[in-house]
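Student: Sequence and predicted structure below; questions after.
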Amino acid sequence: RAYNFNAGPAALPLAVLERAQAEFVDFRGTGMSIMEMSHRGAVYESVHHEAQERLLKLLGITEGYKVLFLQGGASTQFAMLPFNLLTEGKTASYVKTGSWADKALKEAKLIGQTHVAASSEEDKYMRIPDVSRLELPENTAYLHVTSNETIEGTQYQQYPETGSIPLIADMSSDILSRNIDIKQFGMIYAGAQKNLGPSGITVVVAREELVSSSPSTIPTMLRYDTHVKNNSLYNTPPSFSVYMVNEVLKWIEEQGGIDGVERQNREKASLLYQTIDESAGFYQGCVHTDDRSIMNVTFRLQSEELEKKFIKASEEEGFVGLKGHRSVGGLRASIYNAVPYESCRALTDFMDYFRKTNG
Ligand code: PLP
(Lines give C-alpha, C1' and ligand atoms only; values in the text may rest on other atoms or scores of the structure.)
Protein backbone atom coordinates (compact mmCIF):
# COMPACT_ATOMS: atom_id res chain seq x y z
CA ARG A 1 0.00 0.00 0.00
CA ALA A 2 1.15 3.53 -0.78
CA TYR A 3 1.89 5.99 2.01
CA ASN A 4 -1.22 8.00 1.20
CA PHE A 5 -1.29 11.62 2.42
CA ASN A 6 -3.95 12.80 -0.03
CA ALA A 7 -6.23 15.62 1.12
CA GLY A 8 -9.36 14.02 -0.27
CA PRO A 9 -10.49 11.62 -1.50
CA ALA A 10 -8.11 10.22 1.06
CA ALA A 11 -6.86 6.98 2.58
CA LEU A 12 -9.48 4.53 3.85
CA PRO A 13 -8.77 1.93 6.53
CA LEU A 14 -7.30 -1.19 4.92
CA ALA A 15 -9.60 -3.40 7.03
CA VAL A 16 -12.64 -1.60 5.61
CA LEU A 17 -11.48 -1.99 2.02
CA GLU A 18 -10.85 -5.69 2.58
CA ARG A 19 -14.24 -6.22 4.20
CA ALA A 20 -15.93 -4.42 1.32
CA GLN A 21 -13.96 -6.51 -1.14
CA ALA A 22 -15.10 -9.73 0.53
CA GLU A 23 -18.76 -8.63 0.33
CA PHE A 24 -18.54 -6.88 -3.02
CA VAL A 25 -20.14 -9.46 -5.31
CA ASP A 26 -22.40 -11.30 -2.88
CA PHE A 27 -23.64 -9.12 -0.04
CA ARG A 28 -24.24 -11.37 2.95
CA GLY A 29 -25.73 -14.28 1.00
CA THR A 30 -28.17 -12.26 -1.12
CA GLY A 31 -26.49 -13.12 -4.43
CA MET A 32 -26.22 -9.40 -5.21
CA SER A 33 -23.83 -6.56 -4.56
CA ILE A 34 -25.17 -3.88 -2.23
CA MET A 35 -24.89 -1.62 -5.30
CA GLU A 36 -27.39 -3.75 -7.19
CA MET A 37 -30.15 -3.64 -4.59
CA SER A 38 -33.25 -1.54 -4.40
CA HIS A 39 -32.91 1.32 -1.95
CA ARG A 40 -36.51 0.52 -0.91
CA GLY A 41 -35.60 -3.03 0.09
CA ALA A 42 -35.12 -4.26 3.67
CA VAL A 43 -31.44 -5.16 3.22
CA TYR A 44 -30.33 -1.72 2.04
CA GLU A 45 -32.64 0.08 4.45
CA SER A 46 -31.11 -1.71 7.42
CA VAL A 47 -27.61 -0.61 6.34
CA HIS A 48 -28.89 2.97 5.91
CA HIS A 49 -30.42 3.04 9.40
CA GLU A 50 -27.44 1.34 10.98
CA ALA A 51 -25.13 4.02 9.56
CA GLN A 52 -27.36 6.82 10.88
CA GLU A 53 -27.59 5.28 14.36
CA ARG A 54 -23.89 4.54 14.50
CA LEU A 55 -22.97 8.09 13.53
CA LEU A 56 -25.20 9.61 16.22
CA LYS A 57 -23.79 7.25 18.82
CA LEU A 58 -20.18 8.00 17.90
CA LEU A 59 -20.95 11.73 18.04
CA GLY A 60 -22.39 11.21 21.52
CA ILE A 61 -25.91 12.31 20.57
CA THR A 62 -28.87 10.61 22.16
CA GLU A 63 -31.77 12.78 21.01
CA GLY A 64 -32.92 15.94 19.24
CA TYR A 65 -30.79 15.61 16.09
CA LYS A 66 -31.41 14.21 12.60
CA VAL A 67 -28.81 12.59 10.35
CA LEU A 68 -29.20 13.28 6.63
CA PHE A 69 -27.33 11.52 3.84
CA LEU A 70 -27.22 13.92 0.91
CA GLN A 71 -25.35 14.41 -2.36
CA GLY A 72 -23.59 17.30 -4.02
CA GLY A 73 -20.69 17.48 -1.57
CA ALA A 74 -20.08 20.01 1.17
CA SER A 75 -20.09 22.59 -1.65
CA THR A 76 -23.84 22.09 -2.07
CA GLN A 77 -24.28 22.66 1.67
CA PHE A 78 -22.67 26.09 1.20
CA ALA A 79 -25.87 27.00 -0.71
CA MET A 80 -28.43 24.68 0.86
CA LEU A 81 -27.77 26.06 4.33
CA PRO A 82 -28.57 29.72 3.51
CA PHE A 83 -31.41 28.69 1.20
CA ASN A 84 -33.09 27.03 4.17
CA LEU A 85 -32.08 29.19 7.12
CA LEU A 86 -31.22 32.64 5.80
CA THR A 87 -34.76 33.89 5.46
CA GLU A 88 -36.07 37.41 4.76
CA GLY A 89 -34.90 40.00 7.29
CA LYS A 90 -32.16 37.80 8.74
CA THR A 91 -28.38 37.96 8.50
CA ALA A 92 -26.00 35.03 8.28
CA SER A 93 -22.71 35.49 10.13
CA TYR A 94 -19.50 33.85 8.97
CA VAL A 95 -16.01 33.49 10.41
CA LYS A 96 -13.48 33.85 7.59
CA THR A 97 -10.67 31.44 8.34
CA GLY A 98 -9.50 30.47 4.86
CA SER A 99 -10.31 29.10 1.45
CA TRP A 100 -13.31 26.96 2.44
CA ALA A 101 -14.87 29.50 4.79
CA ASP A 102 -14.58 32.00 1.96
CA LYS A 103 -16.40 29.73 -0.46
CA ALA A 104 -19.18 29.12 2.05
CA LEU A 105 -19.58 32.87 2.58
CA LYS A 106 -19.63 33.61 -1.16
CA GLU A 107 -22.55 31.26 -1.64
CA ALA A 108 -24.50 32.77 1.24
CA LYS A 109 -23.97 36.24 -0.28
CA LEU A 110 -25.83 35.08 -3.38
CA ILE A 111 -28.83 34.25 -1.27
CA GLY A 112 -29.16 36.89 1.43
CA GLN A 113 -27.63 39.30 3.91
CA THR A 114 -24.28 38.28 5.39
CA HIS A 115 -21.91 39.54 8.06
CA VAL A 116 -18.26 38.71 8.67
CA ALA A 117 -18.02 38.13 12.42
CA ALA A 118 -14.24 37.61 12.46
CA SER A 119 -11.50 37.07 9.92
CA SER A 120 -7.85 36.07 9.77
CA GLU A 121 -7.42 37.21 6.18
CA GLU A 122 -4.88 39.85 7.28
CA ASP A 123 -2.73 37.04 8.69
CA LYS A 124 -3.02 35.25 5.36
CA TYR A 125 -5.29 32.77 7.15
CA MET A 126 -2.36 31.32 9.05
CA ARG A 127 -4.31 31.44 12.31
CA ILE A 128 -7.83 31.11 13.65
CA PRO A 129 -9.10 34.59 14.59
CA ASP A 130 -10.10 35.38 18.16
CA VAL A 131 -13.71 34.24 18.43
CA SER A 132 -14.06 34.57 22.18
CA ARG A 133 -16.10 37.81 22.07
CA LEU A 134 -17.98 38.01 18.81
CA GLU A 135 -20.59 40.66 18.26
CA LEU A 136 -23.33 39.26 16.09
CA PRO A 137 -26.16 41.29 14.54
CA GLU A 138 -29.42 40.95 16.43
CA ASN A 139 -31.19 39.21 13.57
CA THR A 140 -28.46 36.62 13.02
CA ALA A 141 -29.89 33.39 11.56
CA TYR A 142 -26.76 31.38 12.37
CA LEU A 143 -23.00 31.64 12.79
CA HIS A 144 -21.00 29.54 10.34
CA VAL A 145 -17.49 28.27 11.09
CA THR A 146 -15.10 26.02 9.19
CA SER A 147 -13.84 23.66 11.84
CA ASN A 148 -10.69 22.68 9.98
CA GLU A 149 -9.27 24.59 7.01
CA THR A 150 -8.02 21.77 4.82
CA ILE A 151 -5.87 23.96 2.56
CA GLU A 152 -4.19 26.26 5.09
CA GLY A 153 -3.97 23.68 7.91
CA THR A 154 -5.70 25.54 10.75
CA GLN A 155 -8.24 24.09 13.19
CA TYR A 156 -10.40 25.50 15.96
CA GLN A 157 -9.34 24.49 19.44
CA GLN A 158 -12.37 26.22 20.98
CA TYR A 159 -15.54 27.12 19.13
CA PRO A 160 -17.35 30.43 19.67
CA GLU A 161 -20.21 30.51 22.13
CA THR A 162 -23.35 31.76 20.43
CA GLY A 163 -26.10 31.36 23.02
CA SER A 164 -29.42 30.88 21.28
CA ILE A 165 -28.00 31.54 17.81
CA PRO A 166 -27.34 28.23 16.00
CA LEU A 167 -23.64 27.50 15.52
CA ILE A 168 -23.08 25.67 12.24
CA ALA A 169 -19.83 24.00 11.29
CA ASP A 170 -18.33 22.68 8.10
CA MET A 171 -16.53 19.64 9.52
CA SER A 172 -15.58 18.11 6.19
CA SER A 173 -11.97 17.61 7.14
CA ASP A 174 -12.18 16.84 10.87
CA ILE A 175 -15.49 15.15 11.66
CA LEU A 176 -15.02 12.27 14.11
CA SER A 177 -11.34 13.04 14.59
CA ARG A 178 -11.51 14.27 18.18
CA ASN A 179 -13.86 14.46 21.09
CA ILE A 180 -16.04 17.55 20.97
CA ASP A 181 -19.44 18.38 22.39
CA ILE A 182 -21.74 18.22 19.37
CA LYS A 183 -24.57 19.73 21.38
CA GLN A 184 -22.95 23.16 21.02
CA PHE A 185 -23.82 23.00 17.29
CA GLY A 186 -27.16 23.52 15.61
CA MET A 187 -25.77 21.71 12.59
CA ILE A 188 -22.59 20.13 11.31
CA TYR A 189 -21.96 18.89 7.80
CA ALA A 190 -19.19 17.07 5.99
CA GLY A 191 -18.32 15.67 2.61
CA ALA A 192 -17.45 12.05 3.42
CA GLN A 193 -14.27 11.67 1.43
CA LYS A 194 -11.78 12.48 4.20
CA ASN A 195 -12.80 10.88 7.49
CA LEU A 196 -16.03 9.06 6.69
CA GLY A 197 -15.73 7.05 3.50
CA PRO A 198 -15.74 7.46 -0.26
CA SER A 199 -16.86 10.60 -2.08
CA GLY A 200 -20.46 10.87 -3.24
CA ILE A 201 -22.14 11.28 0.13
CA THR A 202 -22.47 14.34 2.32
CA VAL A 203 -23.47 13.96 5.93
CA VAL A 204 -25.58 16.55 7.73
CA VAL A 205 -26.32 16.27 11.45
CA ALA A 206 -28.75 18.91 12.61
CA ARG A 207 -31.03 19.82 15.47
CA GLU A 208 -34.52 18.74 14.46
CA GLU A 209 -36.10 22.18 14.68
CA LEU A 210 -33.61 23.65 12.20
CA VAL A 211 -34.40 21.18 9.44
CA SER A 212 -38.04 20.23 9.98
CA SER A 213 -39.57 22.98 7.89
CA SER A 214 -38.04 24.85 4.94
CA PRO A 215 -39.31 27.92 3.06
CA SER A 216 -41.87 26.81 0.47
CA THR A 217 -40.10 28.58 -2.41
CA ILE A 218 -37.06 26.31 -2.36
CA PRO A 219 -36.84 23.43 -4.90
CA THR A 220 -37.61 20.02 -3.44
CA MET A 221 -34.11 18.53 -3.43
CA LEU A 222 -32.58 21.60 -1.78
CA ARG A 223 -35.01 21.57 1.14
CA TYR A 224 -33.81 20.00 4.36
CA ASP A 225 -37.38 19.08 5.25
CA THR A 226 -37.70 16.88 2.13
CA HIS A 227 -34.85 14.73 3.37
CA VAL A 228 -36.02 14.75 6.99
CA LYS A 229 -39.54 13.62 6.03
CA ASN A 230 -38.19 10.87 3.80
CA ASN A 231 -35.31 9.80 6.02
CA SER A 232 -32.84 10.65 3.21
CA LEU A 233 -34.67 8.26 0.87
CA TYR A 234 -36.64 10.82 -1.14
CA ASN A 235 -34.64 9.89 -4.23
CA THR A 236 -32.02 7.22 -4.85
CA PRO A 237 -29.29 7.64 -2.24
CA PRO A 238 -25.59 6.95 -2.97
CA SER A 239 -26.13 3.46 -1.58
CA PHE A 240 -22.63 2.06 -1.96
CA SER A 241 -21.15 5.15 -0.27
CA VAL A 242 -23.64 4.85 2.60
CA TYR A 243 -22.60 1.21 3.04
CA MET A 244 -18.93 2.25 3.09
CA VAL A 245 -19.60 4.97 5.66
CA ASN A 246 -21.24 2.36 7.87
CA GLU A 247 -18.14 0.17 7.59
CA VAL A 248 -15.83 3.10 8.39
CA LEU A 249 -17.96 3.90 11.45
CA LYS A 250 -17.67 0.25 12.59
CA TRP A 251 -13.91 0.56 12.18
CA ILE A 252 -13.90 3.71 14.35
CA GLU A 253 -15.75 1.74 17.03
CA GLU A 254 -13.07 -0.93 16.78
CA GLN A 255 -10.38 1.74 17.40
CA GLY A 256 -12.02 2.53 20.73
CA GLY A 257 -14.44 5.12 19.36
CA ILE A 258 -13.56 8.79 19.12
CA ASP A 259 -11.23 8.61 22.11
CA GLY A 260 -9.23 5.91 20.36
CA VAL A 261 -8.90 7.74 17.06
CA GLU A 262 -8.18 11.04 18.80
CA ARG A 263 -5.27 9.46 20.69
CA GLN A 264 -3.84 8.11 17.43
CA ASN A 265 -4.43 11.40 15.60
CA ARG A 266 -2.62 13.41 18.28
CA GLU A 267 0.33 11.00 18.23
CA LYS A 268 0.58 11.26 14.45
CA ALA A 269 0.31 15.05 14.44
CA SER A 270 2.87 15.44 17.27
CA LEU A 271 5.35 13.28 15.42
CA LEU A 272 5.11 15.45 12.31
CA TYR A 273 5.11 18.84 14.05
CA GLN A 274 8.03 17.75 16.22
CA THR A 275 10.03 16.81 13.13
CA ILE A 276 9.25 20.23 11.64
CA ASP A 277 10.06 22.15 14.84
CA GLU A 278 13.29 20.28 15.52
CA SER A 279 14.67 20.76 12.01
CA ALA A 280 16.47 24.03 12.88
CA GLY A 281 14.41 25.94 10.32
CA PHE A 282 14.92 23.50 7.45
CA TYR A 283 11.18 22.81 7.59
CA GLN A 284 8.86 25.62 8.63
CA GLY A 285 5.30 25.07 9.83
CA CYS A 286 2.92 27.46 8.02
CA VAL A 287 0.40 27.97 10.78
CA HIS A 288 0.51 29.76 14.14
CA THR A 289 1.43 27.04 16.66
CA ASP A 290 -1.78 27.30 18.74
CA ASP A 291 -4.03 26.85 15.72
CA ARG A 292 -2.30 23.93 14.05
CA SER A 293 -4.52 21.25 12.60
CA ILE A 294 -4.15 17.63 13.62
CA MET A 295 -5.58 16.65 10.21
CA ASN A 296 -3.65 18.73 7.65
CA VAL A 297 -0.03 19.50 8.47
CA THR A 298 1.23 22.32 6.23
CA PHE A 299 4.89 23.27 5.98
CA ARG A 300 7.47 24.87 3.72
CA LEU A 301 11.11 24.54 2.80
CA GLN A 302 13.46 27.46 2.12
CA SER A 303 12.75 27.62 -1.61
CA GLU A 304 10.19 26.42 -4.10
CA GLU A 305 12.99 24.62 -5.89
CA LEU A 306 13.78 22.60 -2.76
CA GLU A 307 10.08 21.90 -2.27
CA LYS A 308 9.86 20.50 -5.79
CA LYS A 309 12.89 18.35 -5.10
CA PHE A 310 11.29 17.11 -1.85
CA ILE A 311 8.07 16.15 -3.62
CA LYS A 312 9.88 14.33 -6.40
CA ALA A 313 12.10 12.44 -3.96
CA SER A 314 9.11 11.57 -1.73
CA GLU A 315 7.18 10.18 -4.69
CA GLU A 316 10.12 7.99 -5.59
CA GLU A 317 9.96 6.57 -2.06
CA GLY A 318 6.24 5.72 -2.30
CA PHE A 319 4.72 8.82 -0.64
CA VAL A 320 1.58 10.22 -2.26
CA GLY A 321 -0.17 13.57 -1.96
CA LEU A 322 2.42 15.75 -0.19
CA LYS A 323 2.19 18.70 -2.56
CA GLY A 324 0.40 21.67 -1.00
CA HIS A 325 -2.84 22.93 -2.53
CA ARG A 326 -2.20 24.78 -5.80
CA SER A 327 -3.58 28.03 -4.30
CA VAL A 328 -1.02 28.21 -1.46
CA GLY A 329 1.92 26.05 -2.56
CA GLY A 330 4.31 24.45 -0.08
CA LEU A 331 3.76 21.01 1.36
CA ARG A 332 0.87 19.35 3.11
CA ALA A 333 0.52 15.99 4.80
CA SER A 334 -3.13 15.08 5.34
CA ILE A 335 -3.28 12.64 8.22
CA TYR A 336 -6.94 11.78 8.57
CA ASN A 337 -8.21 8.98 10.83
CA ALA A 338 -7.34 6.20 8.39
CA VAL A 339 -3.69 7.19 7.88
CA PRO A 340 -1.68 4.74 9.99
CA TYR A 341 0.95 5.88 12.49
CA GLU A 342 3.46 3.81 10.51
CA SER A 343 2.92 6.01 7.43
CA CYS A 344 3.66 9.12 9.53
CA ARG A 345 6.76 7.47 10.99
CA ALA A 346 7.93 6.59 7.47
CA LEU A 347 7.36 10.21 6.44
CA THR A 348 9.29 11.70 9.36
CA ASP A 349 12.15 9.26 8.70
CA PHE A 350 12.14 10.45 5.09
CA MET A 351 12.03 14.12 6.20
CA ASP A 352 15.05 13.57 8.46
CA TYR A 353 16.92 11.84 5.65
CA PHE A 354 16.05 14.61 3.16
CA ARG A 355 17.18 17.30 5.58
CA LYS A 356 20.51 15.58 6.21
CA THR A 357 21.17 15.18 2.50
CA ASN A 358 19.98 18.64 1.46
CA GLY A 359 20.60 20.83 4.52
N1 PLP B 1 -15.15 22.19 3.09
C2 PLP B 1 -13.93 21.73 3.42
C3 PLP B 1 -13.35 22.09 4.75
C4 PLP B 1 -13.23 20.93 2.52
O5 PLP B 1 -12.01 20.49 2.84
C6 PLP B 1 -13.81 20.61 1.28
C7 PLP B 1 -13.10 19.76 0.29
O8 PLP B 1 -11.93 19.51 0.34
C9 PLP B 1 -15.08 21.12 0.98
C10 PLP B 1 -15.72 21.88 1.92
C11 PLP B 1 -15.75 20.83 -0.33
O12 PLP B 1 -16.23 19.53 -0.29
P13 PLP B 1 -16.89 18.82 -1.55
O14 PLP B 1 -15.79 18.55 -2.53
O15 PLP B 1 -17.47 17.56 -0.94
O16 PLP B 1 -17.93 19.72 -2.11
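Tutor: Ah, there it is.
Student: need the strands for the stretch 1-150 of the chain, in chain order.
Tutor: Taking DSSP state E, counting those that start in this stretch to define them, one finds strands in the stretch 1-150 of the chain at 3-4, 65-70, 91-96, 113-119, 140-146, 148-149.
Student: among these, which is nearest Ser132?
Tutor: The minimum distance between Ser132 and the strands of the stretch 1-150 of the chain falls on strand 113-119, with 9.7 Å, by Cβ to Cβ. Yep, even glycine has a C-beta here, placed from its N, CA and C like the rest.
Student: what angle sits between that closest one and strand 91-96?
Tutor: Between strand 113-119 and strand 91-96, the angle comes out at 30 degrees (axes from the mean of the first three to the mean of the last three Cα atoms, to 10 degrees).
Student: list the buried ones in strand 113-119?
Tutor: Neighbour-count burial for strand 113-119 flags 113-115, 117-119 (criterion: 16 or more other Cβ atoms under 10 Å).
Student: before we move on, what about stretch 220-239?
Tutor: In stretch 220-239, the ones that count as buried by 16+ other Cβ under 10 Å are 222-228, 231-233, 237-239.
Student: Equivalent analysis for stretch 70-79, please.
Tutor: Of the residues in stretch 70-79, those buried by neighbour count under the rule 16+ other Cβ under 10 Å are 70, 72-74, 76-79.
Student: Give me the residues contacting it.
Tutor: Stretch 70-79 is contacted by residues 80, 100, 103-104, 106-108, 110-111, 170, 172, 189-191, 199-204, 222, 227, 232, 237-238 when judged by Cβ atoms under 8 Å, 6 or more residues apart in numbering.
Student: go again using 7 Å as the cut-off
Tutor: Counting by Cβ atoms under 7 Å, 6 or more residues apart in numbering, the neighbours of stretch 70-79 from elsewhere in the structure are 103-104, 107, 111, 170, 172, 189-191, 200-202, 204, 227, 232, 238.
Student: between the residues you listed, which is closest to Ile61?
Tutor: Proximity of the contacts of stretch 70-79 to Ile61 was ranked by Cβ to Cβ; the top entry is Val204 with 13.1 Å.
Student: coming back round to it: among the contacts of stretch 70-79, which are in strands?
Tutor: Members of these lying in strands (criterion: DSSP state E): 170, 189-191, 202, 204.
Student: Also near the ligand: which of those residues, exactly?
Tutor: With Cβ under 6 Å from any ligand atom as the criterion, the subset of the ones in strands among the contacts of stretch 70-79 in contact with the ligand comprises 170, 191.
Student: neighbours around Ala22, how many?
Tutor: Here the number of neighbours of Ala22 (other Cβ atoms under 10 Å) works out to 9.
Student: Now neighbour count and pLDDT too, for the ones in strands among the contacts of stretch 70-79, in TSV please.
Tutor: Converted to TSV, the ones in strands among the contacts of stretch 70-79 look like this (neighbours: other Cβ atoms under 10 Å; pLDDT from 0 to 100):
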residue	neighbour count	pLDDT
Asp170	28	99
Tyr189	25	98
Ala190	26	98
Gly191	26	98
Thr202	25	98
Val204	24	98
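Student: need the ones in strands among the contacts of stretch 70-79 in TSV with distance to Thr146, can you?
Tutor: Putting the ones in strands among the contacts of stretch 70-79 into TSV (distance: Cβ to Cβ, whole Å) gives the following:
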residue	distance to Thr146
Asp170	5
Tyr189	11
Ala190	11
Gly191	12
Thr202	15
Val204	15
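Student: List just the nearest of the ones in strands among the contacts of stretch 70-79 to the ligand.
Tutor: Proximity of those to the ligand (Cβ to the nearest ligand atom) peaks at Gly191, which lies at 2.6 Å.
Student: Grab the nearest non-local neighbour of that closest one.
Tutor: The shortest distance from Gly191 to any non-neighbouring residue, by Cβ to Cβ, 6 or more residues apart in numbering, is to Ala74 (4.1 Å).
Student: Distance-wise, check the one you found relative to Asn246.
Tutor: As defined by Cβ to Cβ, to the nearest Å, Ala74 lies at a distance of 20 Å from Asn246.
Student: Read off the pLDDT value for the residue of the stretch 1-150 of the chain found nearest the ligand.
Tutor: When Cβ to the nearest ligand atom is the measure, the stretch 1-150 of the chain has its nearest residue to the ligand at Gly73, with 2.5 Å between them. The score at Gly73 is 98. That number is its pLDDT.
Student: Offset the numbering so it begins at 36, please.
Tutor: Yes, from this point I'll number from 36; that puts the last item at Gly108.
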